[in-house]
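>>> Quick one, what's the 3D model for this:
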Amino acid sequence: MASQLNPYLTFPGTARQAMEFYRDVFGGTLTMNTFGEYGDPTAANADQIMHAYLEADNGFALMGSDTPDGSVPAANGPIAISLSGDDAAALRGYWEKLSAAGDVAVPLGKQMWGDEFGACTDQFGISWMVDIAPQ
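Below is the predicted model:
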C-alpha cells in the first residue's frame, strides 16, 4: 500500500454519530472499535469510540475517535477538510449533506477563479471546503 494522508478527527463523545453521518454522506465501509473492546468493558467510557475508520467507495478515507476521559480534546483550530474535483454532482451532494445542519461561511457558488466553492462547518464542528472545477 502506498502512503496515504488520512484526516483524523476527535470528538467529545459524539464520534459514533459523527462517523455514521460521514458514512451516510460519502458511502463506503465504516469500522469502529470501542474503548471497552480494548480495555475494561465496564468502564464509564467503554461504549465510546477508540478508533473509527471510514473507507469510502470513491477512495476517501476518514478516521476518528472520542477523546478518552481525562484527555484534552484536540482543537479543530485552523484546520479544514477540502473536497475538490470536477465531479460536480457528487461534490454538490456532499455539500448539501455536510452543510444541511451546519453553518455556512461561504455559500456554494461561482468564484472569481472560475470554480464553484463553498465553506461550511458541519453539525459536529468540523470545517469543510468544497471546490468544483469546471469541466
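>>> Disregarding residues adjacent in the polypeptide, which is nearest to Thr42?
With sequence-adjacent residues excluded and distances taken as Cβ to Cβ, 6 or more residues apart in numbering, Thr42 is closest to Gly36, at 7.8 Å. All C-beta atoms are positioned from the backbone trio N, CA, C, and that covers glycine.
>>> Name the SS class of the most centrally placed residue in the chain, please.
The residue lying closest to the centre of the chain (Cα atoms, centre = their mean) is Tyr22, at 5.7 Å. For Tyr22, the secondary structure call by DSSP: H, G, I helix; E, B strand; the rest coil comes out as helix.
>>> who are the neighbours in contact with it?
Residues in contact with Tyr22, defined by Cβ atoms under 8 Å, 6 or more residues apart in numbering, are 30, 54, 62.
>>> Can I get those residues in CSV including distance to Cys120 and pLDDT?
Putting the contacts of Tyr22 into CSV (distance: Cβ to Cβ, whole Å; pLDDT from 0 to 100) gives the following:
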residue, distance to Cys120, pLDDT
Leu30, 22, 98
Leu54, 19, 96
Leu62, 16, 93
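>>> Report the residue ranges of every domain in this protein.
Under the assignment automatic domain parsing, the domains of the chain span 8-66, 81-132.
>>> ranges for the strands of this protein?
8-11, 29-34, 49-55, 61-66, 81-85, 103-110, 116-121, 127-132 (DSSP state E).
>>> Show me what the helix or strand of the chain with the lowest mean pLDDT is packed up against.
When each helix and strand of the chain is scored by mean pLDDT, DSSP states H and E, strand 8-11 comes last, with a mean of 87. Using 3 or more Cβ pairs under 8 Å, 6 or more residues apart in numbering; DSSP states H and E as the contact definition, the elements that strand 8-11 packs against are helix 15-26, strand 61-66.
>>> Give me the distance from that strand to the chain's centre.
Relative to the centre of its chain, strand 8-11 is centred 8 Å away, using Cα atoms, centre = their mean, to the nearest Å.
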